[in-house]
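Asks: What shape does this take:
(one chain, ligands or ions: 1)
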Amino acid sequence: MLVKNRLLIPGPSQVPPEVNAAMTRPIIGHRSGDFSKFHEQVAQKLKKIFQTENEVVILTGSGSAAMEAAVSSVVSPGDAVLCIVTGKFGERFAELAKVYGADLTVMESEWGDTYDLGAVAKLMEEKAFKLVCATHNETSTGVTNDIKSLGELCTKHGALLLVDAVSSMGGMDIRTDEWKVDLMVSGSQKAFMLPPGLSFVSISPRALEVINQNNSTNYYLSLKKAKKSQEKWSTPYTPNVSLFYALDAACDMILGEGLETVFKRHNLLAKACREAVKALGLKLLPKTEEIASSTVTAFFGDVDTEAVRSLLKKKYGFSVAGGQDRLKGKIIRIGHMGYMDFGDLIAVIGALELSLQEAGYQVELGRGVAAALKVFAEGGMN
Ligand SMILES: Cc1ncc(COP(=O)(O)O)c(C=O)c1O
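Replies: All right, here's what the predicted structure looks like:
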């Protein structure tokens, strides 16, 4: 029987045909006037999605490249850095800060929970940090962290705020300027609907001052160089021109649909997924639904989750993710970001029900789908 492959992991995500088509355009020289014009045009579109007046630098490299560029451009050995860790990707910031010699303080929460704002506030009263790092959307747990409150704290204490929005920017309402985020990082292969390979960093004037004064030992990942080149709509090294074309097409799709509508679609998909999971007697990993992500849903239950994932892939063609690190083999994560609609969500829930049943879990077929349909009927997809 024909089975289509459908990519519903929390990144890389599905790439729309329009975006794939854009990548077939002939390559142009990256030092040409045509490329400069194009670069400027794309960066202006990115700024709208980032909801910022700050410049957004485009790097050729995955999301971690942008994370490393930001940390290594700001941190010198001995600088006090606070990393707020709520999962695997929060840990990445802490690892990076350590590599670049920071005087590191880690505030870690249980995976599945958000951070403790009171505890962060207390810590920041006690110690002056040069940089605070946090993850907006913790892909490993399906938890979204409140960034606005961190922005207020960092402004009060004069710390720079660096935020990882790799798996949320382009799908969720992220107010870079309103939340006072100095360095906002994202990547191409999630809600931006592109293949992997580009990443983005918005840089506030305050952050730029620190970056320009810092004696960084980085080279390829220097934000100082990237920002300086971008002033002439150039890049320090050869950019991935094809992905720039793809980015332009993807930004047009996001802005064409309208940011509000894109956010609403992601919220609905997430709610439908959560309601379906609950209706099937499974449990959401996030402690409360208020902190549940709109781009990825993590859940578990009294069933072999790896067997369910394997059935989903082999019999029904759906790739969904398992847990990472300490959650390996314990949870399932469904990505519903970017090029994802009503049909994708209903189909994956249907396939999940069948896979659960085949893995020996008691399922009343149709319960999850019915719960998801109710969300769509009440919320409206348009
Ligand atoms: C929240 C978050 N941060 C950072 C990364 C790392 O990005 P990349 O794998 O593109 O280097 C990911 C990728 O899954 C992510 O989800």
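
Asks: How is the protein divided into domains?
Replies: Domain segmentation of the chain under automatic domain parsing yields 6-13+259-379, 17-256.

Asks: Identify whichever of those domains lies nearest to the ligand.
Replies: domain 17-256 (2.8 Å; CB to the nearest ligand atom). Every C-beta, even on glycine, is put in place using the N, C-alpha and C of the backbone.

Asks: End to end on that closest one, go ahead and measure it.
Replies: 16 Å (CA to CA, to the nearest Å).

Asks: Kindly report the same for stretch 14-26.
Replies: Start-to-end span of stretch 14-26 (CA to CA) is 23 Å.

Asks: And stretch 285-303, by the same measure?
Replies: For stretch 285-303, the end-to-end distance is 15 Å (CA to CA).

Asks: quick revisit: reformat the domains of the chain as CSV; add distance to the ligand and mean pLDDT.
Replies: Formatted as CSV, the domains of the chain follow (distance: least, CB to the nearest ligand atom, whole Å; pLDDT from 0 to 100):
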stretch, distance to the ligand, mean pLDDT
domain 6-13+259-379, 5, 98
domain 17-256, 3, 98
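
Asks: CSV for these, including mean neighbour count?
Replies: Shown next, in CSV, are those (neighbours: other CB atoms under 10 Å):
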stretch, mean neighbour count
domain 6-13+259-379, 19
domain 17-256, 20
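
Asks: tell me which strands and helices the longest helix seen in the chain is in contact with?
Replies: The helix that spans the most residues within the chain, counting by DSSP state H, is helix 259-279. Applying 3 or more CB pairs under 8 Å, 6 or more residues apart in numbering; DSSP states H and E, we find helix 259-279 packed against strand 283-284, strand 296-300, helix 342-358, helix 367-379.

Asks: Between these, which one is closest to residue 327.
Replies: Ranking those by proximity to residue 327 (CB to CB) places strand 296-300 first, at 7.9 Å.

Asks: Direction included, what does the closest one pair up with?
Replies: In the sheet, strand 296-300 lines up against strand 283-284 (antiparallel), strand 332-335 (antiparallel) (DSSP bridges).

Asks: what's the shortest one in contact with?
Replies: By CB atoms under 8 Å, 6 or more residues apart in numbering, the residues outside strand 283-284 that reach it are 142, 274, 277-278, 292, 297-301.

Asks: Next up, the contacts around the residue nearest to residue 191 when sequence neighbours are not counted.
Replies: Distances taken as CB to CB, 6 or more residues apart in numbering place residue 171 nearest to residue 191, at 3.2 Å, with adjacent residues excluded. Listed by CB under 8 Å, 6+ apart, the contact set of residue 171 reads 190-191, 262-263, 266, 294-295, 337-338.

Asks: which of the contacts of strand 283-284 sit farthest apart?
Replies: 292 and 301 (16.2 Å).

Asks: I'd say residue 157 and residue 131 touch.
Replies: No: Residue 157 is beyond contact range of residue 131, at 11.3 Å (criterion: CB atoms under 8 Å).
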